[in-house]
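[1] Provided below for reference: sequence and predicted model.
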Protein chains: 2
Amino acid sequence: MKIALDAMGGDFAPQAAVDGAVLAAQLLAGKAQIVLIGQENAVRPLLEAHGAAAENLTLVPASQIIEMGEHPAKAYQQKQDSSIAVGYRLLATGEVEAFCSAGNTGAMLVGAMFSVKAVPGVMRPAIANFVPKLHGGMGIMLDVGANAECKPEMLEQFGELGSLYAHYVLGIAQPKVGLMNLGEEEGKGTAITQAAHQLLKVNPHIHFIGNIEGRDLFNDKADVVVCDGFTGNVLLKMAESVYDIMAEKNMHDPFFDHFNYESIGGSPILGINDNAIIGHGVSTPTAICNMLLQGYQMASSGIADQIKSTFKS
Amino acid sequence: MKIALDAMGGDFAPQAAVDGAVLAAQLLAGKAQIVLIGQENAVRPLLEAHGAAAENLTLVPASQIIEMGEHPAKAYQQKQDSSIAVGYRLLATGEVEAFCSAGNTGAMLVGAMFSVKAVPGVMRPAIANFVPKLHGGMGIMLDVGANAECKPEMLEQFGELGSLYAHYVLGIAQPKVGLMNLGEEEGKGTAITQAAHQLLKVNPHIHFIGNIEGRDLFNDKADVVVCDGFTGNVLLKMAESVYDIMAEKNMHDPFFDHFNYESIGGSPILGINDNAIIGHGVSTPTAICNMLLQGYQMASSGIADQIKSTFKS
């Protein structure tokens, strides 16, 4: 199995990317190979500095870089030899089983739609993020930013996508799906969440437990938290800031440490025909390593095929 | 000056309400009187138990109670001798300068609209909540639940209402107004936040600093955080759960302790012709006391008149 990494993506690339890739390659030795994608003259010397430790890695050259500030769609189309475009080509042709990048989020989304494409039947793929649970384990929340505006049917599909991920990747037997809302009662919320509630309630593929509130994000009510990308993004960034404030204050706790993006690595794009993960712009080697391990887990679980067969029917 | 309290509102009423009112009456001695509203046979004995400490309090009888689970509009109209309905009558007739309740939130909103009414020109009043700032001081966020769905013009008005409150009640010279969004760039967000951004940008009454993200809630970028009631409610409840989790883990810190609703007391309804504050259902005596002090501060500041004169023009 091969897991690809955009060596040029992230604020500390290529150094952090290469260091993280070397860590992951050691942990995955015998199970998967890491494929680095990037400018040869920048990446090769960093790899060589790792000596024998870098044995489980290969390098695929890509001459261009999509910068963080660039317009995603324009940059993706114009820079066909960028590390992101090359990464998606390797993914689409089956040369790698997962592609990870801490680079331009928008370009990662655009690339997913242009190359590996949305699963037929999925209206709009979503970005999922892990949510640490107070009493142990992880849940996921989606969407966290791909779709600021959502139709009720999209929210329903997010419930299905999240449920499949929670089952096949997180190993939760019957994931509980909750709809983020401003009240528990069925009639609460916007016209969209009210309609989504009705769709989720009768969906036979998921175990819908009803509306949940902001205070339920970290408890055990739901394993899968369904929300539009606006709400999810705002919640996610607020949670990250809580971790940053606690770190600044030197407050440490195993639960709150999970708020650190580093411990998780990246956010999978769900609803596309293959495995793609978006990392945080400020990714450290630890974050990069965890993103690659997550890519390996996704690929091993066969989640993309599970999604395809569910939405085919 | 007289500040009224619904003695029957909240999960621990009337005991917590009376105890909190006695605390506030002592702190406000010589400046304001507390008017308790509720069932005489339930409240009088509790007051008498406080002896001389209860001197600065008067009791206005109200025979009915609107329960937490009741339909707000229906209950408010049918129970005209409820503590909430009597409280709003006292407010509307000018017998008290502020009315506070930890009871049924919906009934408090309905009562505000039926009795003291929205300020002419204000499309929809909003519920505001305080936001502790990491480097000291407080900001406010609105709406946090009165309006799940908002037009761009409503969000613009929330910016004005919040700015007036931050100036006249919190004493911030030129409050910075930020629009909660999923990205800093002007074009980010939903069609509604994009349109609201354009309106806020050219509004001459406020100091708009642009979009802010979830991670900016606690920093100094904005004193006034504008959002729809859905987003605000979810964020607020999530922040409260962070405090609860930390308290459970016995983690204490002056900044995070401000996440405790108790330290703030209540959420003002802004955009109505008078001063009304909604408290948390689980309000303790400390929370009730702080809500009454906040009512005193609002009434003293003349904020309602400032809002009226701003929206008249």
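    Everything's here; your move.
[2] Sketch out the low-pLDDT regions of the stretch 51-200 of chain A for me.
    Scanning the stretch 51-200 of chain A for pLDDT under 70 picks out no residues.
[3] residues of stretch A:163-180 that come out buried?
    A:163-170, A:172, A:175-180 (16 or more other Cβ atoms under 10 Å in any protein chain shown). No exception for glycine: its C-beta is placed from N, CA and C like everyone else's.
[4] Give me the below-cutoff pLDDT ranges for the stretch 201-313 of chain A.
    For the stretch 201-313 of chain A, the stretches flagged by pLDDT under 70 are A:313.
[5] Enumerate the residues of it near chain B.
    Proximity of the stretch 201-313 of chain A to chain B, by Cβ under 8 Å from any Cβ of the partner chain, involves residues A:213-219, A:227, A:229-231, A:233-242, A:244-245, A:249, A:251, A:253, A:255-256.
[6] at 6 Å what do you get?
    A:213-215, A:217, A:230-231, A:233-234, A:237-238, A:240-242, A:245 (Cβ under 6 Å from any Cβ of the partner chain).
[7] Which of those residues fall within helices?
    A:F230, A:T231, A:N233, A:V234, A:K237, A:M238, A:E240, A:S241, A:V242, A:I245 (DSSP state H).
[8] In JSON lines, list those along with neighbour count.
    Shown next, in JSON lines, are those (neighbours: other Cβ atoms under 10 Å in any protein chain shown):
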{"residue": "A:F230", "neighbour count": "27"}
{"residue": "A:T231", "neighbour count": "27"}
{"residue": "A:N233", "neighbour count": "26"}
{"residue": "A:V234", "neighbour count": "27"}
{"residue": "A:K237", "neighbour count": "19"}
{"residue": "A:M238", "neighbour count": "22"}
{"residue": "A:E240", "neighbour count": "18"}
{"residue": "A:S241", "neighbour count": "19"}
{"residue": "A:V242", "neighbour count": "21"}
{"residue": "A:I245", "neighbour count": "17"}
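[9] what's the burial count for A:G87?
    32 (other Cβ atoms under 10 Å in any protein chain shown).
[10] if I pick it, what's in contact with it?
    A:G87 makes contacts with A:A4, A:D6, A:I37, A:F99, as judged by Cβ atoms under 6 Å, 6 or more residues apart in numbering or on different chains.
[11] Need phi/psi at A:A191.
    Taking degrees, to the nearest 10, you get phi -60, psi -30 for the backbone angles of A:A191.
[12] Per the annotation, how does chain A divide into domains?
    A:1-119+A:271-303+A:309-313, A:123-268 (automatic domain parsing).
[13] In a markdown table: the ones you listed, plus distance to B:I272.
    What follows is those, written out as a markdown table (distance: least, Cβ to Cβ, whole Å):
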| stretch | distance to B:I272 |
| --- | --- |
| domain A:1-119+A:271-303+A:309-313 | 42 |
| domain A:123-268 | 21 |
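[14] out of these, nearest to B:L270?
    Minimum separation from B:L270 across those (Cβ to Cβ) falls at domain A:123-268, 18.1 Å.
[15] chain center to the closest one: distance?
    13 Å (Cα atoms, centre = their mean, to the nearest Å).
[16] okay, how far is it across that domain, tip to tip?
    17 Å (Cα to Cα, to the nearest Å).
[17] now the helices: where do they sit in the stretch 151-300 of chain A?
    A:152-168, A:191-202, A:229-248, A:254-257, A:285-301 (DSSP state H, counting those that start in this stretch).
[18] One more: the stretch 1-150 of chain A?
    Under DSSP H, counting those that start in this stretch, the stretch 1-150 of chain A gives helices at A:15-27, A:40-49, A:72-78, A:83-92, A:105-111.
[19] Which other helices and strands does the third one contact?
    Contact here means 3 or more Cβ pairs under 6 Å, 6 or more residues apart in numbering or on different chains; DSSP states H and E; on that basis helix A:72-78 packs against helix A:105-111.
[20] at contact distance from chain B, anything in the helix it packs on?
    No. Judged by Cβ under 6 Å from any Cβ, helix A:105-111 stays clear of chain B, getting no closer than 9.8 Å.
[21] Quick one: list the elements packing against that helix.
    helix A:72-78, helix A:83-92.
[22] swap the cut-off to 8 Å and go again
    Packing partners of helix A:105-111 (3 or more Cβ pairs under 8 Å, 6 or more residues apart in numbering or on different chains; DSSP states H and E): helix A:72-78, helix A:83-92, strand A:275-279.
[23] quick one: strands adjacent to the shortest one?
    By that I understand strand A:275-279. Partners of strand A:275-279 in the sheet, by DSSP bridges, are strand A:98-101 (parallel), strand A:266-270 (antiparallel).
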